[in-house]
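[1] Provided below are the primary sequence and the corresponding predicted coordinates.
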Protein chains: 2
Amino acid sequence: MFRLPLLLQLRRVTTTSISYRFSHSLYPLTIREIYDKKPLNQSINLIGYLLNIRKLKTHYFLDLFDGSLTNNRKHLQVVASLDDHPDLPRLTHGCSINVQGKLVKSTHPKQEFEFVAENINLINSCDTSHYPFKPKSDETLLTLRQDEHLRLRSPLAQAIFRLRHQLTFSLYEYFHNHNFIQIQTPCLTKNDCEGGGETFRIQPYQSKVTQKEKEYFNTQVYLTVSGQLHLETAANGFGRVYTLNPTFRADKNFSRFHLAEFWMLEVEIAGLTKLDQLLDIYIHLLRTVATQIYNKCSEEFKYLANHNIQSKYIEQFLNQETYPRISYQQAVEHLRKSTDFHDFPDNGDFTRAHESYLCKTIMNNQAFFIINYPKKLKPFYMLTNDDNTTVANFDFIYPSIGELSGGSLREHRYEQLKLCLDELDITHDLQWYLDIRRFGGMPTGGFGLGIERFLMAITGIDNIRDVILFPRFYQNCNG
Amino acid sequence: MFRLPLLLQLRRVTTTSISYRFSHSLYPLTIREIYDKKPLNQSINLIGYLLNIRKLKTHYFLDLFDGSLTNNRKHLQVVASLDDHPDLPRLTHGCSINVQGKLVKSTHPKQEFEFVAENINLINSCDTSHYPFKPKSDETLLTLRQDEHLRLRSPLAQAIFRLRHQLTFSLYEYFHNHNFIQIQTPCLTKNDCEGGGETFRIQPYQSKVTQKEKEYFNTQVYLTVSGQLHLETAANGFGRVYTLNPTFRADKNFSRFHLAEFWMLEVEIAGLTKLDQLLDIYIHLLRTVATQIYNKCSEEFKYLANHNIQSKYIEQFLNQETYPRISYQQAVEHLRKSTDFHDFPDNGDFTRAHESYLCKTIMNNQAFFIINYPKKLKPFYMLTNDDNTTVANFDFIYPSIGELSGGSLREHRYEQLKLCLDELDITHDLQWYLDIRRFGGMPTGGFGLGIERFLMAITGIDNIRDVILFPRFYQNCNG
């Protein structure tokens, strides 16, 4: 349907013409509340979209949607008779309406109740010729990705982003219940942290004139690639801390695993002196949170499964208490026994292909830890083991994802840390970090977990761009 | 005390020498758990800092601190006899130790129990000649600000950042309980949103070479000044959404209210058609959350009060259900009756001085709303009122802070919004935003609340740099 000229549209709603509904309700009433409270035979106002319209003799059946319902009962059926509403034929799917009416017991055997409209106002019509969503046809993740600003109107995207909400909320709860303090580590930092990574620099921009970068901060400033070093200062205050912040990488990578802006959970715990204990905590966190999401969002998981989106590995997270822990050296030996990787070099770094081979062939598609990497492969802040050649770190390799997390105990010993920083010639830049250990400094350990990859792991969604609302990646920043 | 050469330090702890404590405890044991569980006469290992050391005859009394306790019982008293620990005199305040021992009933009338050390290992000594914290002397906010990377070791900063943690957690809970979905709106955006504001642009930086800005994203990209426009797309999916994200402003402003990076709560609610209802929701949120923080963090508030940090206005948040609502025009009339501002111009914008005058003189130091500003003063996205000259917006003015929040109903009517965008010549850039209303589009409304300013409001802390761990502002980005 083409957009009607303004004056021809039916009773367009202005600010004042929609009455304040349910005088004792603080928030505008939602369809969810209608289902929960079943306020029969009271005059009710609702605002929402039309998912679909059907005509049967003199009656119109409108599927009203306002995003408040989880997926198994995603709309409210509104019945309107043509006699009372001569403008009904002008409504289309996708338009927004204000409907005033009453909830009544349904005479239909399959339905508990229905909403009988007494008055309907069109709020905004819908340019249906360009609207990406069709009535009664389900979208795919691929088509939704084309219209990221509209995709939350689709039940499929709603299921995913409800899961994302529950994931972050379950994390907040887990940490609060375990006496962690949430820290907002800075996005803007002088420190490009892990060294090798590609970063973004920032530049003040004022009234259409780009200023010299240094003019604002008096120093070069980057977007953070990790809040870990800042978080360690906080772990030395509170003992248990975490951060759940945006993180930035300027990798020129189009892969389905990479984003330029993603959300990372980082956890830091004082008093940790055994790597095994860190791994136990990591698995406890993952299992607790995955179980909670699975229980709270069973409808969303069902909805995704009905659309052939399902992780083969979610059972692991829910049921498995421990995962194999192999050393870097053992992993190398496994690789060298294979025909493909028999010439794997000493102190070589693992690529996705290596991790995938180990996971599939050696671990039988089970998640596992690789621990104790060579010191040379890893950043300065990891604790050197007693052998003086490896560090007390882990990577957690997850089937279909690859590296889901990395973590380590930290080099908390003042002299050892100072030596490392001196060798890299970064002692001056990181004096604040060294100070933690110059003035006492507890042993700490921690890990990072990309929220988007964790969502992929538990849902089976295979493109990271489907689990963040406005994905930013190489050559792409819409809106 | 000068740092001892490595070999002279007492039994320095290595990774393997600290035993895994409490075999059934997932996390390292904390002093808080000692207080809560009182595990008398069991062998226990603890890791922490020394706040203070006292010697009495043959005994040392060590105040052990690990950040786990709230403020009224901030350490554990450890008793060690000199005979058993000949190296005890080398411990100083600020050093970190591992202490193994037992909790026993105290014979001292003022004390329920004490921790008797059986073995003590120094982890890191403390360069006390440069350590900013002295034993038994309280720090001020000003001195803490000099050492932001160390300040969380101070009970004063701990109280503030525990309050900050409780604030964000209470917000998460409030929204979850009211069926909101949390959205992570992007930090990187093509859109400089409110137009006039100073923003940061970003630039990929790789292997020490600055690249041309457009090379990475194929477009100019800014750090967001507000997630609101993106959040509106989500409100049109879920109905009730919020974001709690970092936000960036390149203002060259040294004031005690300004940061270049701060955390902003933004809330967007569909179905809202009355400004009064938005204001009711706003106050409900503030009161609910302030009450919860006040109840959960009574020890922290007491601690701050003992250090003369106290808000005169916190009672308002806890007890007052409604606040005066005056229109912009009424505010102007009040100003023009004063001697200082009798020549206030038509459609003039309010400065801090105007807001302060209104708050003190007209409102008797009470928080209040100013609503319905002239359309000319406000951004395109605010809903035009029926008078066609004002918008349905509010500013919430709080004593001692000024503008704590701003919000509005949004211009949800497709034709009106398109006209506004066309006039500003930004229709092409914001087609995605206009699309929300081109395809239906519910009426929505919302507001923003700077987390740091809200913390200032409820604590009485008067410098914003004291309530964010690593403050970034004009000419300042440490660490």
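    Looks like it arrived, so ask away. Numbers count the residues shown, from 1 in each chain, chains lettered A, B, ... in the order given.
[2] CA only for contacts and neighbour counts going forward, please
    Noted.
[3] which residue ranges of chain A form helices?
    Using DSSP state H, the helices found in chain A span residues A:31-37, A:141-146, A:155-177, A:213-217, A:228-238, A:275-296, A:298-306, A:314-319, A:328-336, A:352-357, A:414-424, A:431-438, A:451-459.
[4] please identify the most buried of these.
    Of all those, helix A:228-238 has the most neighbours on average by mean count of other C-alpha atoms under 10 Å in any protein chain shown, namely a mean of 27.
[5] for it, packing partners?
    Packed against helix A:228-238, as judged by 3 or more C-alpha pairs under 8 Å, 6 or more residues apart in numbering or on different chains; DSSP states H and E, are the following elements: strand A:240-248, strand A:261-270, helix A:431-438.
[6] who does A:Ser327 bridge with?
    Beta bridges link A:Ser327 to A:Ile371, judged by DSSP bridges.
[7] any idea how far it is from chain B?
    Between A:Ser327 and chain B the distance is 17 Å, computed by C-alpha to the nearest C-alpha, to the nearest Å.
[8] you'd agree that residue is up against A:Pro374?
    No. Assessed by C-alpha atoms under 8 Å, A:Ser327 is found out of contact with A:Pro374, at 10.0 Å.
[9] between the two, which one's more packed in?
    Set side by side, A:Ser327 and A:Pro374 give different neighbour counts by other C-alpha atoms under 10 Å in any protein chain shown, the larger being at A:Pro374 (21 against 17).
[10] just send the helices and strands packed on helix A:228-238 back as a markdown table, with distance to A:Leu167 and mean pLDDT too.
    What follows is the helices and strands packed on helix A:228-238, written out as a markdown table (distance: least, C-alpha to C-alpha, whole Å; pLDDT from 0 to 100):
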| stretch | distance to A:Leu167 | mean pLDDT |
| --- | --- | --- |
| strand A:240-248 | 12 | 97 |
| strand A:261-270 | 11 | 98 |
| helix A:431-438 | 31 | 96 |
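[11] between these, which gets nearest to B:Glu266?
    Each of the helices and strands packed on helix A:228-238 was checked against B:Glu266 via C-alpha to C-alpha, and the shortest separation belongs to strand A:240-248, namely 16.0 Å.
[12] and the stretch 251-400 of chain A, which of its residues are near chain B?
    Residues of the stretch 251-400 of chain A found near chain B (C-alpha under 8 Å from any C-alpha of the partner chain) are A:Lys252, A:Glu261, A:Ala270, A:Gly271, A:Leu272, A:Thr273, A:Lys274, A:Gln277, A:Asp280, A:Ile281, A:Asn385, A:Asp386.
[13] hey, least reliable of the helices of chain A by pLDDT?
    Between those, the lowest average pLDDT goes to helix A:213-217, which shows a mean of 71.
[14] for A:Phe161, which non-adjacent residue is spatially closest?
    Setting aside the residues directly before and after it, A:Phe161 is nearest to A:Val467 in space (C-alpha to C-alpha, 6 or more residues apart in numbering or on different chains), at 7.0 Å.
[15] report the rounded mean pLDDT for stretch A:181-188.
    97.
[16] and that stretch, end to end?
    The straight-line separation of the ends of stretch A:181-188 (C-alpha to C-alpha, to the nearest Å) is 21 Å.
[17] so what touches it?
    A:175, A:221-224, A:227, A:230-231, A:234, A:238, A:240-247, B:162, B:165, B:246, B:261, B:468-472, B:477 (C-alpha atoms under 8 Å, 6 or more residues apart in numbering or on different chains).
[18] again, 7 Å this time
    Residues external to stretch A:181-188 that are found in contact with it (C-alpha atoms under 7 Å, 6 or more residues apart in numbering or on different chains): A:221-224, A:227, A:230-231, A:240-243, B:162, B:165, B:470.
[19] in a markdown table: the residues you listed, plus distance to A:Tyr27.
    Compiled in a markdown table, the contacts of stretch A:181-188 are given as follows (distance: C-alpha to C-alpha, whole Å):
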| residue | distance to A:Tyr27 |
| --- | --- |
| A:Val221 | 42 |
| A:Tyr222 | 41 |
| A:Leu223 | 38 |
| A:Thr224 | 38 |
| A:Gly227 | 37 |
| A:His230 | 39 |
| A:Leu231 | 38 |
| A:Arg240 | 37 |
| A:Val241 | 34 |
| A:Tyr242 | 33 |
| A:Thr243 | 31 |
| B:Arg162 | 30 |
| B:His165 | 26 |
| B:Phe470 | 36 |
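[20] which one of those is nearest B:Leu421?
    So of these, ranked by how close each gets to B:Leu421 (C-alpha to C-alpha), first place is A:Leu223, at 31.5 Å.
[21] quick check: bridge partners of that closest one?
    A:Leu188.
[22] pLDDT wise, what is it at?
    According to the model, A:Leu223 scores 94 on pLDDT.
[23] for it, give me its contacts.
    By C-alpha under 7 Å, 6+ apart, the contact list for A:Leu223 reads A:Cys187, A:Leu188, A:Thr189, A:Thr199, A:Phe200, A:Arg201, A:Phe248.
[24] the last one - nearest residue in space that isn't next to it in sequence?
    Distances taken as C-alpha to C-alpha, 6+ apart put A:Glu261 closest to A:Phe248, at 4.6 Å, once the chain neighbours are dropped.
[25] ditto for the fifth one
    Counting by C-alpha to C-alpha, 6+ apart, the nearest residue to A:Phe200 once its immediate chain neighbours are dropped is B:Pro204, at 4.3 Å.
[26] what is the burial count for the one you found?
    The number of residues packed around B:Pro204, counting by other C-alpha under 10 Å, is 24.
[27] so it sits against A:Val221, correct?
    No. Using C-alpha atoms under 7 Å as the test, B:Pro204 is too far from A:Val221 to be in contact (11.8 Å).
[28] now the common contact residues for these two.
    Shared contacts of B:Pro204 and A:Val221 (C-alpha under 7 Å, 6+ apart): A:Arg201.
[29] rewinding a little: please identify which of the helices of chain A is closest to B:Gly450.
    Closest approach to B:Gly450 among the helices of chain A (C-alpha to C-alpha): helix A:155-177, 19.9 Å.
[30] show me what the closest one is packed up against.
    If contacts are counted by 3 or more C-alpha pairs under 7 Å, 6 or more residues apart in numbering or on different chains; DSSP states H and E, helix A:155-177 sits against helix A:275-296, strand B:181-182.
[31] A:Leu29: what's it in contact with?
    For A:Leu29, the contacting residues are A:Leu46, taking C-alpha under 7 Å, 6+ apart as the criterion.
[32] quick one: low-confidence parts of the stretch 351-479 of chain A?
    Counting by pLDDT under 70, the stretch 351-479 of chain A contains no low-confidence segment.
[33] what's the spacing between A:Ile451 and chain B?
    11 Å.
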